[in-house]
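[1] Need a 3D model of the sequence below.
(2 chains)
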Amino acid sequence: MAKGLDIKDVNIYYGAFKAVEDVNLTINPRSVTAFIGPSGCGKSTVLRTLNRMHEVIPGGRVEGTISLDGQDLYAADVDPVAVRRTVGMVFQRPNPFPTMTIFDNVVAGLRLNGIKDKTQLQEAAERSLQGANLWNEVKDRLNKPGAGLSGGQQQRLCIARAIAVEPKVLLMDEPCSALDPISTLAIEDLIEQLKADYTIVIVTHNMQQAARVSDRTAFFNLKATGQPGRLVEVGPTRTIFEQPVQEATEAYVSGRFG
Amino acid sequence: MDDRGRSTGRRADRLFSFASQGAGVTVLVLVTLVCVFLVSQAIPALARNEASFLTSREWTVGGDAPRFGILELLWTTTAASVIAMLVAVPVGVCVALFITEYAPQWLRRPAGNLVDLLAAVPSIVYGLWGLIVFRPIVRPIEDWLSSRLSWLPIFEPTGITGGTIFFIGFVLAIMILPIVTAISREVFAQTPTTHKEGALALGATKWEMIHTAVLPFGKPGVISAAMLALGRALGETIAVTFIVSTLAVGSDWTWSLFNGGETFASRIANNAAEFDSPQKTGAFIAAGLVLFILTFVVNAIARVVIERRKAFTE
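    This is a model prediction of the structure:
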């Protein structure tokens, strides 16, 4: 079952450097939330704190609380590995494991969870590939290397891999920025379908994309160069694009800066 | 030859193209000449050999009826090298993984540089160290194995306590460890962050991430490192010449790793004084030729292993 996220008073650091400050944000279950903003404003950083991938970078740490349906993801007794099994992620560049077949890529997460049963894996692979709109294109070559697919197919393979473990939330960090327009459209259609089952957070540089796929939009910005990024405004996507409250948001969505 | 995309002929281009082609051709010619030389020198000696070259242990290369065979040399060389690989490759890979994945950030660069430096030190230095330090450590292992597993022919006790094949294997392992570690570290460090993050984002633990992303990415590199190291181990001469307990002429043959024995390289080095007639020299060259072929076959197998997985690399 999809779950919502609550981000409260969050500050994010890289070592001594404060990258993002004072973020308060609620992410609704079974909806798409888009993070937009100029480069370096911290939107990807905030995204990465939602599954504790931020901690993979040396010196990365978080203040404040981020909770998934009331469960604090940063509580002392919570294992970051367990968080990442609940909150899946798709990256900017498609990153299927190059030494694995298409099939092995899809079930990689299940195998990490200790599932070995062949039929169970096969069912999960088919279900996930169907879910990622990739099944018809690859069903006859599941034993071929995943790296042999086109960029767009690779990205859908990565989405299939992420949803195979049935996460509660799916994070997408500029999932279309390395793809051509047709592949982008395929991913956007997929996001539309996936939100029936998953809570989706997507970082994008493409404002039309945010407008097309998201229900709510959060606009991040820097106060000034060298200052931490912050959340300027969040609201229903329509409102953010048509009647934003903040002037900076208005300027950004209308293309006057950024 | 495909001429598309070739230089239109500016002088520097032509010069460089000529120089690199020349260098390439020279290498091929050299290898061919070495082969032809080895074979042509070995054949007359082999033709006069009255013992079976592959299955005999005799080594009387002078006189009208020379009798020589490489059984002992082949067994000692391969057995000692295999032991060296079994010890050095896992240890080297673990050290490389520690440096690239587990060591604190501040330690990674200096440790990496140190390993590169160690790999550049001539291996005889480690050989001497291993010889002195490892003798008392390896002895109990040999005793334990030969008391528990003596029913296996390779662990049969022989009474030889000096330079056994087993001990040579350990010294060789010490000698090749730095090169295995240095190359493995290099390839592990190049694992793309996207692959590692992909694994972590699926909920992989550190070890699972290494298993899913780092090791598969580094595997061809580790195989290359192992082959390079194996080449060194097979051909290592001086250290082995120091250590080996040469078997007495006419002693009983056993497959035991606790036996003494000479390797190709040590036999050739120990007997350099005998190269006084084409026939004697030819016998040693025949032995050298087997070492040449052995190295070649091992490398070819490694190539095949790497090539077969090629579709699965970026």
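[2] after the helix or strand where B:A47 lies comes which helix or strand?
    Assessed by DSSP states H and E, B:A47 sits inside helix B:11-48. Once helix B:11-48 ends, the next helix or strand along the chain (criterion: DSSP H and E) is strand B:59-60.
[3] how far does the next helix or strand after that next one sit from the chain's center?
    Using DSSP H and E, the next helix or strand after strand B:59-60 towards the C-terminus is strand B:67-68. Strand B:67-68 sits 27 Å away from the centroid of its parent chain (Cα atoms, centre = their mean, to the nearest Å).
[4] Just list what strand B:67-68 packs against, helices and strands only.
    Applying 3 or more Cβ pairs under 8 Å, 6 or more residues apart in numbering or on different chains; DSSP states H and E, one finds that strand B:67-68 contacts strand B:59-60. Bear in mind the C-beta positions are built from the backbone N, C-alpha and C, glycine included.
[5] ok, the strand it packs on: who's next to it in the sheet?
    Next to strand B:59-60 in the sheet, as set by DSSP bridges, lie strand B:67-68 (antiparallel).
[6] Chain A contacts on the stretch 51-200 of chain B?
    Within the stretch 51-200 of chain B, the positions near chain A by Cβ under 8 Å from any Cβ of the partner chain are B:Q105, B:P192, B:T194, B:H195, B:K196, B:E197, B:G198, B:A199, B:L200.
[7] out of these, which are inside helices?
    B:Q105, B:T194, B:H195, B:K196, B:E197, B:G198, B:A199, B:L200 (DSSP state H).
[8] Neighbour-wise, which one of those leads?
    B:G198 (27 neighbours; other Cβ atoms under 10 Å in any protein chain shown).
[9] Dump stretch A:241-249 to CSV, keeping only the CA atoms.
    What follows is stretch A:241-249, C-alpha atoms only, in CSV (Å, rounded to 0.1, in the frame of the first residue of the first chain):
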residue,chain,number,x,y,z
PHE,A,241,1.9,27.3,-12.6
GLU,A,242,-1.1,29.7,-12.9
GLN,A,243,-1.4,31.6,-9.7
PRO,A,244,1.7,31.2,-7.5
VAL,A,245,1.8,33.1,-4.3
GLN,A,246,5.5,33.9,-4.4
GLU,A,247,7.0,36.2,-6.9
ALA,A,248,10.1,34.0,-7.4
THR,A,249,7.8,31.1,-8.3
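[10] what about residue 176, neighbour count?
    With no chain named, the answer covers chain A. Neighbour count for A:C176, taken as other Cβ under 10 Å: 25.
[11] that's the wrong chain, I meant chain B
    Using other Cβ under 10 Å, B:I176 has 28 neighbouring residues.
[12] Check whether it really touches B:I83, as I assumed.
    No: counting by Cβ atoms under 8 Å, B:I176 stays clear of B:I83, with 11.3 Å between them.
[13] Report the closest residue of the stretch 101-250 of chain A relative to chain B.
    A:G109 (4.0 Å; Cβ to the nearest Cβ).
[14] dump the residue contacts of that residue.
    Shown in contact with A:G109 (Cβ atoms under 8 Å, 6 or more residues apart in numbering or on different chains): A:R85, A:G88, A:R161, A:A162, A:A164, A:V165, B:L202, B:G203.
[15] Repeat the analysis, applying 10 Å as the threshold.
    For A:G109, the contact set (Cβ atoms under 10 Å, 6 or more residues apart in numbering or on different chains) comprises A:84-85, A:88, A:115, A:124, A:128, A:161-167, B:199, B:201-204, B:212.
[16] Ok, A:S67 next?
    A:K3, A:G4, A:L5, A:D6, A:I7, A:K8, A:L73, A:Y74, A:A75.
[17] So which of those residues belong to strands?
    Those of the contacts of A:S67 mapping onto strands are A:L5, A:D6, A:I7, A:K8, per DSSP state E.
[18] Do a quick rundown of the helices in the stretch 151-300 of chain B.
    For the stretch 151-300 of chain B, the helices defined by DSSP state H, counting those that start in this stretch occupy B:165-189, B:193-201, B:206-209, B:215-235, B:238-243, B:264-270, B:278-308.
[19] quick one: low-confidence ranges for chain A?
    Low-confidence segments of chain A, defined by pLDDT under 70: A:1, A:257-258.
[20] For it, just list every one of the strands.
    A:5-14, A:17-27, A:32-36, A:60-68, A:71-72, A:87-90, A:169-173, A:199-203, A:216-222, A:229-236.
[21] The first one: how far from the chain's middle?
    What that stands for is strand A:5-14. The answer for strand A:5-14 is 16 Å, by Cα atoms, centre = their mean.
[22] elements contacting that strand?
    With contacts taken as 3 or more Cβ pairs under 10 Å, 6 or more residues apart in numbering or on different chains; DSSP states H and E, strand A:5-14 sits against strand A:17-27, helix A:43-49, strand A:60-68, strand A:71-72, strand A:229-236.
[23] number of nearby residues for A:N24?
    Using other Cβ under 10 Å, A:N24 has 12 other residues around it.
[24] Ok, A:V203 next?
    If you count neighbours by other Cβ under 10 Å, A:V203 ends up with 25.
[25] So what pairs up with it in the strands?
    Where A:V203 sits in a bridge, its partners, by DSSP bridges, are A:F35, A:D173.
[26] That one contacts A:I36, correct?
    Yes: shown here, A:V203 and A:I36 form a contact pair, counting by Cβ atoms under 10 Å, at 8.0 Å.
[27] any residues in contact with both of the two?
    With Cβ under 10 Å, 6+ apart as the test, A:V203 and A:I36 both reach A:K43, A:A210, A:A218, A:F220.
[28] Neighbour count and distance to B:Y126 for these - can I get that in a markdown table?
    Compiled in a markdown table, those are given as follows (neighbours: other Cβ atoms under 10 Å in any protein chain shown; distance: Cβ to Cβ, whole Å):
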| residue | neighbour count | distance to B:Y126 |
| --- | --- | --- |
| A:K43 | 27 | 52 |
| A:A210 | 25 | 60 |
| A:A218 | 26 | 59 |
| A:F220 | 26 | 55 |
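[29] Those: which ones sit near chain B?
    Counting by Cβ under 10 Å from any Cβ of the partner chain, the subset of the shared contacts of A:V203 and A:I36 that neighbours chain B is empty.
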